[in-house]
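Engineer: prediction below, plus the sequence it came from.
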Amino acid sequence: MPGPFNGSKQPEAETQTSTRIAQAAVEMLLPTGGVVYYGLIGGRLFPSVEPRLRLEIQTPEGDGLPYASDLAFDYENARVGIPLEYREAISDGFNWAVENSCLNLSGTLCVYFGVNGDTGSSIVFYRYLSAVLVRLFTLTGTDATDDEIQVSLPTFGEVRA
């Protein structure tokens, strides 16, 4: 009996969208004058034939276990988890990226991992990290160079405004 991996034709819906689950994370330290922002956000994109992109936030709440980061300063006290007050910011950044990008994504973006710090994490910065994460998923499966990736990402000022 023919199956999907031995030469039979895949259903049309599967040929129109990627069925591969993509995964990405962004850890960033961003000095801006007198403030140094820090945060990490990670997620998976579960493709779907639905013509829209949904967001689910499933990260641990608050301050969890210490996170050993080569990027964060020692005083940052990086910990696994995202405080509840940052979740709306993640949703805002997601919505900003969807509204301000030519996204060819459909399915569910599940934010499942995050790290916050004592001084550099903020609502504004998690909004930005979320927008960057969405944009990274648009590059899944491409052979983009570091420079091309950097150019395709939103600036902090664009998302923050």
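Structural biologist: That came through fine. Residues are numbered from 1 along each chain as shown.
Engineer: is Leu29 bridged to anything, and to what?
Structural biologist: Note on Leu29: beta-bridge partners by DSSP bridges are Tyr38.
Engineer: tell me, what residue is most central in this structure?
Structural biologist: Leu133 (2.6 Å; CA atoms, centre = their mean).
Engineer: which helix or strand contains that residue?
Structural biologist: Secondary structure from DSSP states H and E places Leu133 in helix 123-137.
Engineer: list the buried ones in that helix?
Structural biologist: Across helix 123-137, burial judged by 16 or more other CB atoms under 10 Å covers 124-137. For the C-beta atoms, the positions are set from N, CA and C on the backbone; glycine is no exception.
Engineer: thinking again about what came up before, list the residues that contact the residue nearest to the centre of the chain.
Structural biologist: Ala24, Ala25, Val26, Ile41, Gly42, Gly43, Gly93, Leu109, Val111 (CB atoms under 8 Å, 6 or more residues apart in numbering).
Engineer: for the third one, phi and psi?
Structural biologist: Spelled out, that is Val26. For Val26, the backbone dihedrals are phi -130, psi 120 (criterion: degrees, to the nearest 10).
Engineer: equivalent analysis for the second one, please.
Structural biologist: Listed backbone geometry of Ala25 is phi -150, psi 150, with angles given as degrees, to the nearest 10.
Engineer: quick check: the gap between it and Gly117.
Structural biologist: 16 Å (CB to CB, to the nearest Å).
Engineer: what about those two, which has more around it?
Structural biologist: Gly117 (25 against 17; other CB atoms under 10 Å).
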